[in-house]
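> here is my input; please provide its structure:
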Amino acid sequence: MASKKLLLLVVLFVFAQVSTNAQTNWGWDWKDTSKVAVKDLPQHNEFMNNQYPYPAKPRSQWEIGLSVGPSWIGGDVKSKLGFAAGVSARKSLGHIFSVRGSVDFARNSGAPSLYGSTLVPVPQVAYVNKMMALGLDVIASLNTPSYYRGNPKTNIYVLAGYSMVGSKTFFANPGGQQLGGGYSVFYGQRPGQANTQDGLITRVGGESSNAVALMHAFNLGFGAAFKVNDRISIGLEQKFIFSARAYDYLDAWKDVRNDNGDHISMTSAKVNINIGDQSKRVQPLYWINPNNFIYNELNAPKHMKLPKVILPDADKDGVTDQFDMEPNTPAGAPVDSHGVSKDTDGDGVPDYRDKELLTSQKCFPVNNDGIGTCPENACCKEIKEMVTNIQANQKPSCTISALPSVQFKGSVTKLSKDAMVVLSAAAAQLKANPTCNVKVIGYGASSKAAQQQSWERVNAVIKYLVENQGIAESRLLFVYAQDGTANTVDLQGTTEEGPNSVPAPHPNLKSRN
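Predicted structure coming up:
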């Protein structure tokens, strides 16, 4: 009774875990090379480089199982409820199929019915059977793949396989010495029966008290495991072991009317533990939905090489052709969200051609350039005329404050190299101030010869500035002055206008140097 309560509590705990824990683990990261066997790395690398469509199968853990539960023999003699226990090791071959090796032990007994105990010539008697089976099963998981969820929380499966069974049967015999007395070892015969080994490979130990009957058997079964976490699962399993050659003496009695062999039934509660380094192996593949990668990739592509989406935009206005209501907009023209050229003032002339972007509606209609036909305001017209007149009457200003003087030696009227350097600097200032004119001032009031000499020197300066420095002759004013140094020609900025040449005062006194 206590074991049944414990089993019930374990099952309830598993269902609670299944109902409260959301499935968030996809099983493994397909980019993780550490979980791929060395022999499968070439395939993994080709897959990662999009050269092969299928990922490599990851290495997976082994599952070690412990089982315990009731057992009975399906035979001719009425069976009582017995006991079975076992240990197993299971390895996944893929997401559906796995193989499992197991060692099972069972102790069963039975007693005949009133009818069976009266059969002749050989009546049925009570028996005890001890059995050990070495099995190898192929298991098919039925619910691992799914198109509607992630990894399974349960593993429903069927199994089929082979067992090598060692069986030892005791039958009730008043003179027997086995099992504390009252039982004898069944060697293939009972009083009134022929000694037969039908259905056996051999009987190890002959007819000694330690004799064991060896036989081939095949296994059939089904079960369900419930996942507690990535390491542990618990489950229930029903397994039948059938004698391959219809051995009919597991219950120490054979019905001569048919050739139906006896079989062993085991109903087990199982605890399964996944073993192996989780950093290098994933959980057994029957706990991982093989569609995880496919649906994950469809939902959020990380591996597929998706072509860049390029939507045509013939006029390059930033609005794709399928939404462009004006597909031939000129390059650079501002458009709205529908690709239509903007017309800010609504005058019918698009902005890219409109020379007056904000024309008042009072000035509509406009011309082809978007300029309105509004009459000019009288006030504005008067102000514009006043500004024009002021600008016309305003005298230009000259900001040149000082210009260098040109020195001549003795009676020389030609320019020296030093004088040319001075005039070049003066010309630079004139070019930088185009509103300025220049007075070229000579001095020579002391005599007629001095007047003629001053005239020649002024002309030499004017000629050099015009011909060598590109100064307009109209900007150079020829000026005589009374007070000054006779060997000097002064330059003075001005906005005045005047003659740039005067007649020679005394041509007959023209200098010869």
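> OK, contacts around the residue lying closest to Tyr247 once chain neighbours are set aside?
Spatial nearest neighbour of Tyr247, chain neighbours left out: Gly199 (3.0 Å); criterion: CB to CB, 6 or more residues apart in numbering. Heads up, the C-betas are built off the backbone N, CA and C, glycines and all. Under the criterion of CB atoms under 8 Å, 6 or more residues apart in numbering, the contact list for Gly199 reads 215, 243, 245-249, 261.
> any weak-confidence spans in the chain?
Within the chain, the set of residues satisfying pLDDT under 70 comprises 1-26, 190-195, 376-378, 380-381, 391-396, 445, 482, 512-513.
> ok, which stretches of it are helices?
With DSSP state H as the criterion, the chain has helices at 2-20, 41-48, 292-299, 378-393, 417-432, 448-467.
> looking at the ones you listed, which is closest to Val204?
Distances from Val204 to each of these were compared using CB to CB; the minimum, 33.4 Å, belongs to helix 2-20.
> now for the closest residue to Glu237 other than its chain neighbours, how many residues are close by?
The shortest distance from Glu237 to any non-neighbouring residue, by CB to CB, 6+ apart, is to Gly223 (3.3 Å). Counted with other CB atoms under 10 Å, the burial measure for Gly223 works out to 19 neighbours.
> also Gly135?
By other CB under 10 Å, 22 other residues sit near Gly135.
> now it, which residues is it bridged with?
In this entry, Gly135 is beta-bridged to Ser102, Ser163, by DSSP bridges.
> please give me every residue in contact with it.
The neighbours of Gly135, taking CB under 8 Å, 6+ apart as the test, are 100-104, 161-164, 219, 241.
> how about Lys78?
Residues in contact with Lys78, defined by CB under 8 Å, 6+ apart, are 110-113, 116.
> now do it against Glu385, distance only.
134 Å (CB to CB, to the nearest Å).
> Phe105 too?
As defined by CB to CB, Phe105 lies at a distance of 124 Å from Glu385.
> looking at these two, which is more packed in?
Ranked by neighbour count (other CB under 10 Å), Phe105 and Glu385 place Phe105 first, with 16 against 10.
> looking at it, that one is touching Gly86, isn't it?
Yes - between Phe105 and Gly86 there is a contact under CB atoms under 8 Å: 6.6 Å.
> what sits against Trp30?
For Trp30, the contacting residues are 55, 293, 303, taking CB under 8 Å, 6+ apart as the criterion.
> one more time with 7 Å, if that's ok
With contact taken as CB atoms under 7 Å, 6 or more residues apart in numbering, Trp30 is in contact with 55, 293.
> please enumerate the strands of this protein.
In the chain, the segments counted as strands under DSSP state E are 62-74, 82-92, 97-110, 127-141, 154-172, 183-185, 202-204, 212-227, 232-243, 263-275, 406-407, 437-443, 476-481, 488-494.
> which parts of the fourth one are buried?
Within strand 127-141, the residues that count as buried by 16 or more other CB atoms under 10 Å are 127-133, 135, 137, 139, 141.
> with respect to Lys31, which of these is nearest?
Ser141 (25.7 Å).
> and the closest residue to the closest one other than its chain neighbours, how far from Gly223?
Nearest in space to Ser141, with sequence neighbours left out and distances taken as CB to CB, 6+ apart, is Tyr286 at 4.2 Å. Using CB to CB, Tyr286 is found at 12 Å from Gly223.
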